[in-house]
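Participant: The following comprises the amino acid sequence and a computationally predicted model.
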Amino acid sequence: MRIVNCALLTFVVCVASISLWSQATRDPTKDREAIIALEQEWLHASNAATLDRILASDFVHVVPVDHFPTKQEHIENGIRPAQKP
């Protein structure tokens, strides 16, 4: 029983140390840059695979109309060539 307690304590200490270390090494500037880069990739995506990778499975595009496009609808509309008037 003592070995199990020591192993459990060691595990908890390791997990807590990793968690604290990862939080202490976060760089808000790099986080911001990563978010901006991802947004730019989304805005300039020209294929369904890229949009599918970027957008969450429960993504809903909020627009000022009565219909809120789902992820699949957003992907389909995003890769369709623009219609010329």
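Facilitator: Received it, and whenever you're ready, just let me know what you need.

Participant: Name the residues of the helix or strand harbouring Ile35 that are buried.
Facilitator: According to DSSP states H and E, Ile35 maps onto helix 28-43. Across helix 28-43, burial judged by 16 or more other CB atoms under 10 Å covers no residue at all. For glycine as for every other residue, the C-beta is placed from the backbone atoms N, C-alpha and C.

Participant: Provide the contact partners of it at residue level.
Facilitator: 50-51, 54-55 (CB atoms under 8 Å, 6 or more residues apart in numbering).

Participant: ok, now with 10 Å
Facilitator: 27, 50-51, 53-55, 78 (CB atoms under 10 Å, 6 or more residues apart in numbering).

Participant: Can you name the element that comes right after that helix?
Facilitator: Following helix 28-43 in sequence, per DSSP H and E, is helix 48-54.

Participant: for that next one, which positions count as buried?
Facilitator: Neighbour counts over helix 48-54 (16+ other CB under 10 Å) mark 50-51 as buried.
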